[in-house]
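Enquirer: quick one, fold the following:
(one chain, ligands or ions: 2)
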Amino acid sequence: MQLDSVELFHLSMRLKAPFETSFGVEQDRECVILKVQGEGLAGWGECVAGQFPGYSYETAPTAWHMLKDFYIPALLAAPLQGIQDFRERIAHLRGHPMARAGLEMALWDLWGKAQGKSLKELLGGERPRVPVGVSIGLQDSTPALLQTVQGYVDSGYARVKLKIKPGRDLEPVRAVRQAFPELPLQVDANSAYTLADNGTFRAMDDLDLLMIEQPLAEDDLLDHVRLQAELTTALCLDESILSARIARQALEAGACRIINIKAGRVGGLAEAVAIHDVCRAAGAPVWCGGMLETGIGRASNLALATLPGFTLPGDISASERYYAEDIAEPLFKLNPDSTIQVPEGTGLGVEVVEAALQRATLRREVMRAG
Ligand code: OSB
Ligand code: MG
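Expert: Ligands and ions are numbered 1, 2, ... in the order given. Below you'll find the model as predicted:
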């Protein structure tokens, strides 16, 4: 396929409510949107690197640099033979998974449109809709948290994830468990603890949680093995799982029993599928994580979550949970059974609303082939 151009958009979008995690508060979410054009078609991708390096070392500006100076020139250097061709061309470039994943997503969208296939079909997905939950940021008080949880339960979310950090863990999580005894509930620490905090997690063992997500540091598989051995609750790794190889090693070592898959974190949808396959072979359940995506990244997450190993609800909430104005249509709505419909159209199956995209754009640049 002959490619003509790649366009980059650095976006800032106001969240409906600030999203607080153990690494900081986000009110205006940044990302880089990519538009790849060729043979009369356009493919869109979303790079989930944000404003500051809290979740990972990447930021929208570091991703912009990697895309502009390395990944896009490599892509535009020759006609595209397929996704694997692109992956091979950039394989010698180290790191920056979110940057490469954003561009790869645009190629999947473009490839799907060229082949007349949906991303779900291209990835080998099966289901027409996927079970979802909601991820709730740290709240200012326990009463505020209870009210927020009630609001999401009332709007139909059948699984809730609570963010925790040291000093804001046992008390609020216990309160939610007490108020919602039957609610499928899990927590996410975003790497904020050390093994010295094992007492906190042992106490959580009594709260009937689905899982405890990423309690310890990203580069600390060994202490996760130790912590998992002390708990009956399953650990789930997010930040630590950067490739299919690490996923295999984490499961083999017993560092976790569940894996959160995010295409951005692992360098793209192809690697995400490879992680899914590793986990499926090992009998470990996976679910699709989220990075507060726009409709573009949300469509990609939904397609990924149709693969058969995604047996747990994803952090893929309805569009209205995030932004007053999204940049893609149609908006994703929550069904009464806490599922979301997966787009049927070719590629990602969404249309970008160019006026909304423009309103959110901080800077924009076009790179052309040859
Ligand atoms: O750790 O899963 C996480 C958002 C930003 C960065 C990291 C995480 C999250 C979420 C939000 O939990 C999930 C969503 O997109 O709704
Ligand atoms: Mg997480």
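Enquirer: okay, helices next: where are they in the stretch 201-350 of the chain?
Expert: 221-230, 244-253, 263-266, 269-282, 295-304 (DSSP state H, counting those that start in this stretch).
Enquirer: and whichever residue of the chain sits closest to ligand 2, what does it touch?
Expert: In the chain, the residue found nearest to ligand 2 is Asp238; the distance is 3.6 Å by Cβ to the ion. C-beta here means a position set from N, CA and C on the backbone, and glycine is covered the same way. Contacts here follow Cβ atoms under 8 Å, 6 or more residues apart in numbering; on that basis Asp238 touches Asp188, Asn190, Glu213, Gln214, Asn260, Lys262, Arg265, Gly289.
Enquirer: if we can go back for a sec, show me the one of the helices of the stretch 201-350 of the chain that comes nearest Glu88.
Expert: Nearest to Glu88 among these is helix 269-282 (11.0 Å), distances taken as Cβ to Cβ.
Enquirer: could you report the neighbour count for Cys288?
Expert: By other Cβ atoms under 10 Å, the residues close to Cys288 number 26.
Enquirer: test my guess that Gly156 contacts Thr339.
Expert: No. Gly156 is not in contact with Thr339 according to Cβ atoms under 8 Å; the separation is 9.5 Å.
Enquirer: now the lengthiest helix in the chain against helix 269-282, angle please.
Expert: The longest helix of the chain (DSSP state H) is helix 97-115. Between helix 97-115 and helix 269-282, the angle comes out at 100 degrees (axes from the mean of the first three to the mean of the last three Cα atoms, to 10 degrees).
Enquirer: distance from helix 97-115 to the middle of the chain?
Expert: Chain-centre distance of helix 97-115: 15 Å, with Cα atoms, centre = their mean, to the nearest Å.
Enquirer: about what we covered before: what would the helices of the stretch 201-350 of the chain look like in TSV with mean pLDDT and mean neighbour count?
Expert: Output for the helices of the stretch 201-350 of the chain, formatted as TSV (pLDDT from 0 to 100; neighbours: other Cβ atoms under 10 Å):
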stretch	mean pLDDT	mean neighbour count
helix 221-230	98	17
helix 244-253	98	18
helix 263-266	98	28
helix 269-282	98	21
helix 295-304	98	28
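Enquirer: including distance to Thr311, could those go into JSON lines?
Expert: Below are the helices of the stretch 201-350 of the chain laid out as JSON lines (distance: least, Cβ to Cβ, whole Å):
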{"stretch": "helix 221-230", "distance to Thr311": "19"}
{"stretch": "helix 244-253", "distance to Thr311": "15"}
{"stretch": "helix 263-266", "distance to Thr311": "18"}
{"stretch": "helix 269-282", "distance to Thr311": "10"}
{"stretch": "helix 295-304", "distance to Thr311": "14"}
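Enquirer: for the residue most central in space within the chain, give me its contacts.
Expert: Centroid-nearest residue in the chain: Gly290, 3.1 Å away (criterion: Cα atoms, centre = their mean). Contact analysis of Gly290 by Cβ under 8 Å, 6+ apart lists Ser135, Lys262, Arg298, Asn301, Gly314, Asp315, Ile316, Ser317.
Enquirer: got TSV for those residues, with distance to ligand 1 too?
Expert: Shown next, in TSV, are the contacts of Gly290 (distance: Cβ to the nearest ligand atom, whole Å):
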residue	distance to ligand 1
Ser135	4
Lys262	7
Arg298	8
Asn301	8
Gly314	9
Asp315	4
Ile316	7
Ser317	5
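Enquirer: biggest separation within the residues you listed, which pair?
Expert: Longest span within the contacts of Gly290, Cβ to Cβ: Lys262 and Ser317, 14.6 Å.
Enquirer: CA atoms only for stretch 131-141, dumped as CSV, please.
Expert: Extracted in CSV, the C-alpha atoms of stretch 131-141 (Å, rounded to 0.1, in the frame of the first residue of the first chain):
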residue,chain,number,x,y,z
PRO,A,131,-18.6,-6.7,29.4
VAL,A,132,-17.3,-3.4,30.9
GLY,A,133,-16.8,-1.7,34.2
VAL,A,134,-15.8,1.7,35.5
SER,A,135,-12.6,2.9,37.0
ILE,A,136,-13.1,5.5,39.7
GLY,A,137,-10.4,7.9,40.7
LEU,A,138,-9.4,8.8,44.3
GLN,A,139,-12.2,10.9,45.8
ASP,A,140,-11.9,13.7,48.4
SER,A,141,-13.7,11.8,51.1
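Enquirer: residues near Glu26, how many?
Expert: Neighbours of Glu26 (other Cβ under 10 Å): 19.
Enquirer: name the element it belongs to?
Expert: Glu26 belongs to strand 24-38 when elements are defined using DSSP states H and E.
Enquirer: partners of that strand in the sheet?
Expert: strand 5-21 (antiparallel), strand 41-47 (antiparallel) (DSSP bridges).
Enquirer: tell me how many other residues crowd Ala144.
Expert: Ala144: 12 neighbours (other Cβ under 10 Å).
Enquirer: and it, what element?
Expert: Here Ala144 is assigned to helix 142-154, by DSSP H and E.
Enquirer: what comes up buried for that helix?
Expert: Thr142, Leu145, Leu146, Thr148, Val149, Tyr152 (16 or more other Cβ atoms under 10 Å).
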